[in-house]
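Novice: I need the structure of the sequence given here:
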Amino acid sequence: MACGALPQLDKQICSLERWLPGHLDTVSDPTHAQLIHRFATWEVLPRLRNRAENTPLTPANRRCAGEQIKLATQFLTWLTEQQRTLETCRQADIDTWHAEHSDHERNRVRGFLTWAMTSKLARSLRLPGPSVNRKASLPQHERIALLGRLLTDQDLPLRSRVAGVIVLLYAQPLSRIVRLTVDDVTHDGDQVLLRLGEPPSPVPAPAAELLLAWISKRDNMNTATNPGSRWLFPGRRAGQPMHSESLAALVNELGIPITPGRTSAILQHILDMPAPVVADALGYHQNTATRIAAHAGATWSRYAPGDHSPLQRRRDGDS
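Specialist: Below you'll find the predicted structure:
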């Protein structure tokens, strides 16, 4: 695929398609196997393909899709144990399932139940809202101290330092960091910018020096599979970036708590700026940023998104 000899296919979709027949073989009930096959074929895989048209899928996307299929199988087995089928499932059964299972299991089975109701395979049921468990954020002074260590400690591996800085400064998950390219690093005069959303985010001078130094010394650039790679973190496979779990292991070795660090960074940004601005600049969904703002008690509730430049205000006044 990297050389153009084969058409481009998303490897995460290929992985799920290879895994699915083996999973179906483990489903002893033919009716259940048929339902799971329909769910995977007409709901899970099309949704992944649509997403892959806009952005490459991550291993987390593949893992989530597989878990939805496995939890749908588990739910059908549980219904059989209750002497129920999908067609005869009652609201009381849904409530019992949710009471007996973890937040993760409840969230993963939600897609299957919604699809079943939409497809008229189950009666109309009320599903509890998805639960969101947020890990405690890193105290602000600890995040700043970690950033200072990453920016100044020359003995630490350069690749891990750059990845950790992007996590702690811009609240980016490693699954997105590994998809960055050197073309996402741009210049506006003397200012270095990093394109995570729109507009690109300015990079403070110490972090910019670190980032530019890494670009000039990237690993995995001298192999036959990656000549001229544009990935910010090249992998060892042809045309592929580094695996996010491999990069996570390197960042963890530095003592960087990735999820608490991200949480701390996004909270600080939302306290400093309106949630819509943060969402656009850092590539977050508007609803996610708004929920975080509400949770943090941010004071930007009356902010009106849009162009607030002086020229636009004059035009609005003229009209």
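Novice: Flag the shaky bits of the stretch 151-300 of the chain, pLDDT-wise.
Specialist: Flagging of the stretch 151-300 of the chain using pLDDT under 70 yields the residue ranges 220-227, 296-300.
Novice: where do the helices sit along it?
Specialist: Listed in chain order, the helices found in the stretch 151-300 of the chain under DSSP state H, counting those that start in this stretch are 158-170, 174-177, 205-216, 244-253, 258-272, 275-282, 286-296.
Novice: so which of those is the most packed in?
Specialist: Comparing the helices of the stretch 151-300 of the chain by mean neighbour count (mean count of other Cβ atoms under 10 Å), helix 158-170 ranks first with a mean of 23. In short, each C-beta sits where N, CA and C put it, glycine included.
Novice: on contacts alone, who are the packing partners of it?
Specialist: Packing contacts for helix 158-170, counted by 3 or more Cβ pairs under 8 Å, 6 or more residues apart in numbering; DSSP states H and E, involve helix 140-152, helix 174-177, helix 205-216, helix 244-253, helix 258-272.
Novice: and that helix, how far out from the chain's middle?
Specialist: Centroid displacement of helix 158-170 relative to its chain, using Cα atoms, centre = their mean, to the nearest Å, is 17 Å.
Novice: what's the helix or strand for the spatially closest residue to S124 that is not a sequence neighbour?
Specialist: The spatial neighbour of S124 that comes closest, neighbours along the chain excluded (Cβ to Cβ, 6 or more residues apart in numbering), is M117 at 6.0 Å. Element membership for M117 (DSSP states H and E) is helix 103-118.
Novice: between the helices and strands packed on helix 158-170, which gets nearest to C64?
Specialist: Smallest distance to C64 across the helices and strands packed on helix 158-170 (Cβ to Cβ): 11.1 Å, for helix 174-177.
Novice: can I get the helices of the stretch 151-300 of the chain in a markdown table with distance to D188?
Specialist: A markdown table is the format used below for the helices of the stretch 151-300 of the chain (distance: least, Cβ to Cβ, whole Å):
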| stretch | distance to D188 |
| --- | --- |
| helix 158-170 | 17 |
| helix 174-177 | 22 |
| helix 205-216 | 12 |
| helix 244-253 | 28 |
| helix 258-272 | 20 |
| helix 275-282 | 14 |
| helix 286-296 | 24 |
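Novice: Show me the one of these that comes nearest A40.
Specialist: Minimum separation from A40 across these (Cβ to Cβ) falls at helix 174-177, 22.4 Å.
Novice: Just the residues contacting the closest one, thanks.
Specialist: Under the criterion Cβ atoms under 8 Å, 6 or more residues apart in numbering, residues 58-60, 163, 166-167, 196, 232-233, 244, 247-248, 251, 258, 283 lie in contact with helix 174-177.
Novice: Among those, which one lies nearest to D25?
Specialist: Among the contacts of helix 174-177, and counting by Cβ to Cβ, the member closest to D25 is P59, at 23.5 Å.
Novice: Now for the contacts of helix 174-177: which two are most distant?
Specialist: Among those, P59 and L196 lie farthest apart (Cβ to Cβ), at 19.9 Å.
Novice: Have a look at those two and say which one is more surrounded.
Specialist: Neighbour totals were compared for P59 and L196, and L196 leads with 21 against 15 (other Cβ atoms under 10 Å).
Novice: wouldn't that one be in contact with A171 here?
Specialist: No - the pair L196 / A171 is not scored as a contact, 9.3 Å apart, by Cβ atoms under 8 Å.
Novice: Now do the shared contacts for these two.
Specialist: By Cβ under 8 Å, 6+ apart, L196 and A171 have these common neighbours: L282.
Novice: hmm, back to that, and the helices of the stretch 151-300 of the chain: which comes nearest W19?
Specialist: helix 244-253 (17.5 Å).
Novice: other SSEs contacting the helix holding M117?
Specialist: Using 3+ Cβ pairs under 8 Å, 6+ apart, the elements in contact with helix 103-118 are helix 30-39, helix 59-81, helix 91-100.
Novice: Out of these, which is the most enclosed?
Specialist: Note that of those, helix 59-81 is the most buried (mean count of other Cβ under 10 Å), with a mean of 18.
Novice: Name the surrounding residues that touch that helix.
Specialist: 12-13, 15-16, 19-20, 23, 27, 29, 32, 35-36, 39-40, 44-45, 47-48, 51, 85-86, 89, 93, 97, 105, 108-109, 111-113, 175, 243-245.
Novice: Show me which of these are buried.
Specialist: Buried by 16 or more other Cβ atoms under 10 Å: 12-13, 15-16, 20, 23, 27, 32, 35-36, 39-40, 44-45, 48, 51, 86, 89, 93, 97, 105, 108-109, 111-113, 175, 243-244, out of those.
Novice: ok so, going back, which one of the contacts of helix 174-177 sits closest to A265?
Specialist: Checking those one by one against A265 (Cβ to Cβ), the nearest turns out to be V167, at 7.4 Å.
Novice: And that closest one, how far from E81?
Specialist: Applying Cβ to Cβ, to the nearest Å, the value for V167 to E81 is 43 Å.
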